[in-house]
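Chemist: output the structure for:
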Amino acid sequence: MTEQLITLKIENNIAMVHLNRADKHNAIDMAMFHALDKVSKKLRKNKAIRAVFLCGNGEDFCSGLDVKSVMNEQSNILKLLFKFIPGSSNLAQRVSTNWRKIPVPVVAIIQGRCWGGGLQIALGADFRITSPDASLSIMEAKWGLIPDMGANLALRELVNIDVAKQLAMTGKTITAEQALNYGLVTQVTDDPYQAAIEFIEPFIERSPDSVAAVKKLYNNNWNKKSWHMLAKESWYQIKVILGKNQQRAVKKQLKPDQAKDFDNRQNW
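Modeler: Residues are numbered from 1 along each chain as shown. Below you'll find the model as predicted:
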């Protein structure tokens, strides 16, 4: 990765991605934007991994945008916001939306500050497990901006619209417990890393194809019309049934002593 701003380690088919700029509270500069984009695209192609843990080294998960560094050159704004197709993700948005496209559960493990761009990154994950001392904020309002790094996709799924408006319009900083009550985080615990290990175990016990299919079905169709959800549901089910892993899942339930390990997942 670029200057090891992002580190990647894979153990037991769990990919551990760390924001590695602890001396700057993992604030996101241009190099980190590119490194996050690169590592998330790489993981999307890896059919062997079963989960991704998204972490920040040091006392904070991510304090947000490194404003001085990014604003140092006006061309950086164009690089972050430019896109060929209006409905696609630009570089700024891909640090959030890319995690949604990886066909395995992505868990953000959060401590300390998770502000601005840091929260945008974390909201791209499927689940967020935080320490009690974590604080979260959609910080863009304090700079006279709107949240524009792709996490609005998750916000509309997780919280009521009045809560989303309040957080995005004010830049209010909330505690981990408040975030849990709002539905922004999944769990608050004294040891979020260990909790993430325990949390992910039931997912790994299931077919990687059924897990991937559910993630794609829900992420891409949750807010679409009923007929669209029903059509995709049927199509994905056929694809799952035609794969080897569904047969192995049945064997694990009926004859566990004869069951084989799951194959790597199909293309999702």
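
Chemist: tell me the mean pLDDT over stretch 166-174?
Modeler: Stretch 166-174 comes out with an average pLDDT of 97.

Chemist: and for it, what are the contacting residues?
Modeler: 115, 135-142, 146-147, 155, 159, 182, 184 (C-beta atoms under 8 Å, 6 or more residues apart in numbering). (Glycine included, C-beta is placed from N, CA and C.)

Chemist: shaky segments in the stretch 1-150 of the chain?
Modeler: In the predicted model, the stretch 1-150 of the chain carries pLDDT under 70 at residues 1-3.

Chemist: tell me where it has helices.
Modeler: In the stretch 1-150 of the chain, the segments counted as helices under DSSP state H, counting those that start in this stretch are 30-44, 67-71, 74-81, 91-101, 117-123.

Chemist: hang on, the earlier thing: select only the buried ones of the contacts of stretch 166-174 in ChimeraX?
Modeler: Listed next is the ChimeraX selection for buried residues among these, using 16 or more other C-beta atoms under 10 Å:
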select :115,135,136,137,138,139,140,141,147,155,159,182,184
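
Chemist: going by distance to Lys41, which of the contacts of stretch 166-174 wins?
Modeler: When those are compared for distance to Lys41 (C-beta to C-beta), Pro147 wins out at 22.6 Å.

Chemist: separation between the closest one and Asn221?
Modeler: In this view, Pro147 and Asn221 are 23 Å apart by C-beta to C-beta, to the nearest Å.

Chemist: where along the protein do the strands fall?
Modeler: 6-11, 14-19, 51-56, 106-110, 113-115, 127-130, 135-137, 173-175, 187-188 (DSSP state E).

Chemist: partners of the first one in the sheet?
Modeler: Strands flanking strand 6-11 in the sheet, each with its direction: strand 14-19 (antiparallel) (DSSP bridges).

Chemist: what's the angle from the partner strand to helix 30-44?
Modeler: On the basis of axes from the mean of the first three to the mean of the last three C-alpha atoms, to 10 degrees, strand 14-19 is oriented at 170 degrees to helix 30-44.

Chemist: alpha carbons of strand 14-19, as CSV, please.
Modeler: Extracted in CSV, the C-alpha atoms of strand 14-19 (Å, rounded to 0.1, in the frame of the first residue of the first chain):
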residue,chain,number,x,y,z
ILE,A,14,-10.3,-12.9,7.7
ALA,A,15,-8.8,-9.8,6.1
MET,A,16,-7.7,-7.2,8.6
VAL,A,17,-7.4,-3.7,7.1
HIS,A,18,-5.9,-1.0,9.4
LEU,A,19,-5.8,2.7,8.8
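
Chemist: pull the residues that contact that strand.
Modeler: By C-beta under 8 Å, 6+ apart, strand 14-19 touches 5-10, 26, 32, 39-40, 43, 46, 49-57, 61-62, 121, 200.

Chemist: next one: stretch 12-23 to chain centre, how far?
Modeler: Averaging C-alpha positions (C-alpha atoms, centre = their mean, to the nearest Å) puts stretch 12-23 13 Å from its chain's average.

Chemist: quote the end-to-end distance of that stretch.
Modeler: End-to-end distance for stretch 12-23, by C-alpha to C-alpha, to the nearest Å: 29 Å.

Chemist: to Leu217, which of the helices of the stretch 1-150 of the chain lies closest?
Modeler: Taking these one by one with C-beta to C-beta, helix 91-101 is closest: 12.5 Å.

Chemist: show me the contacts for Arg44.
Modeler: Counting by C-beta under 8 Å, 6+ apart, Arg44 has contacts 98, 101-103.

Chemist: sounds good, over and out.
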